[in-house]
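> Structure, please.
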Amino acid sequence: AGALAVINANTKELIQKYEEETRVAALQAIFPAAEDFEDVTEMIAGQADTERILAVYKAYAGGQLLGYCVDLETNGFSSSTPIELMVGSRPHKVGKPQKLWIPRLFCILFDICTVFQCFLGIGAAVLEKNPEFMAQFVDSERPISFTPQITAVSGATITSNAVVSGLNDALRAVDLVRVA
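Numbers count the residues shown, from 1 in each chain. Now for the predicted structure:
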C-alpha cells in the first residue's frame with residue numbers, strides 16, 4: 001500500500017497535466033479559430049438533468065462568441081465504462097432550431113484512449129471503425145433520435161444509444177447556458 005501511495009504521488013501531476021492538455025486539444029479541435037475558452041460550468045450547477053455534464057465552455061475569437069463546448073460522460077456498455085464526449089454547438093438565430101456541429105470524429109471524442117480502454121471491441125468499433133455513425137449527426141434536428149436518416153450501428157445498439165443520449169444532454173446544457 002505504501003508503494004502504491006508513492007507511485008500515485010509521483011504520477012498524479014503528470015496525469016493532471018495530460019488530462020488538461022487533452023481537454024485543450026479537444027476544445028481547439030472543435031473551434032480551431034478560438035482564442036479563448038471561458039469555463040461557464042457554474043451556470044448549470046444545480047439544474048435538473050445535468051449530472052453527466054463535466055464542463056461547459058464558451059469559445060471566443062476577437063471577443064466574438066463562436067459557440068459552446070460541452071464535456072460530458074454518458075453510460076456506455078455499463079455504468080462502470082462511461083463514454084466521455086466533447087461536443088461543440090454554434091450559436092443560432094432566435095426562432096431557428098439549434099444545430100449540432102461535429103466537424104470530425106476526433107473532435108467529439110474527449111479522450112479516444114479512454115473510450116478504447118472502456119470498450120474492448122464493440123464500443124471501440126462504433127467510434128473508430130464507423131465514422132459515418134458520428135457524421136450523420138452533423139446539422140441534425142433536435143432532439144436527436146434514431147430515424148430512417150439516423151441509424152444505430154448494427155451490433156452496437158447500447159453504445160449508439162449512449163452517444164445519442166449524450167449529444168442530447170450536451171444540447172440541453174447549451175440551452176441552459178444561453179438562457180442564464
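
> drop to CA atoms for contacts and neighbour counts, all remaining ones
Noted.

> what's the average pLDDT for the helix ranked longest in the chain?
Secondary structure of the chain per DSSP state H: the longest helix is helix 2-30. Helix 2-30 carries an average pLDDT of 81.

> and that helix, what does it pack onto?
Under the contact definition 3 or more Cα pairs under 8 Å, 6 or more residues apart in numbering; DSSP states H and E, helix 2-30 sits against strand 82-89, helix 105-108.

> Could you tell me the least trusted of these?
helix 105-108 (a mean of 38).

> how close does Q28 sit to K58?
12 Å (Cα to Cα, to the nearest Å).

> Please identify which of the two sits among more neighbours.
K58 (24 against 17; other Cα atoms under 10 Å).

> How about that one: which residues does it bridge to?
Counting by DSSP bridges, K58 forms beta bridges with E38, Y68.

> For G62, give me its contacts.
Residues in contact with G62 (Cα atoms under 8 Å, 6 or more residues apart in numbering) are E35.

> Quick check: which ranges of this protein have low pLDDT?
77-82, 92-128, 139 (pLDDT under 70).

> for V174, what are its contacts?
By Cα under 8 Å, 6+ apart, the contact set of V174 is V56, Y68, V70, S89.

> Touching, the last one and D71? I think so.
No: the pair S89 / D71 is not scored as a contact, 11.7 Å apart, by Cα atoms under 8 Å.

> Pull out the buried residues from the longest helix of the chain.
Neighbour-count burial for helix 2-30, counted by 16 or more other Cα atoms under 10 Å, picks out R23, A25, A26, L27, Q28, A29, I30.

> how far is that helix from where the chain is centred?
18 Å (Cα atoms, centre = their mean, to the nearest Å).

> Report the angle between it and strand 82-89.
30 degrees (axes from the mean of the first three to the mean of the last three Cα atoms, to 10 degrees).

> I'd like the distance between I53 and P91.
With distances taken as Cα to Cα, I53 is found 19 Å from P91.

> Those two: which is more packed in?
I53 (21 against 16).

> is that one in a bridge, and if so with what?
Bridge pairing for I53 - DSSP bridges - gives L72.

> Hmm, it is touching L72, no?
Yes: at 4.4 Å, I53 counts as touching L72 under the criterion of Cα under 8 Å.

> Which neighbours do the two have in common?
A170.

> Which two among the contacts of V174 are spaced furthest apart?
Maximum pairwise distance among the contacts of V174 (Cα to Cα): 10.9 Å, between V56 and S89.

> between those two, who's got more neighbours?
V56 (26 against 23).

> Return the distance of the helix or strand containing that one from the chain's centre.
In the assignment (DSSP states H and E), V56 maps to strand 53-61. From the chain centre to the centre of strand 53-61 is a distance of 11 Å (Cα atoms, centre = their mean).
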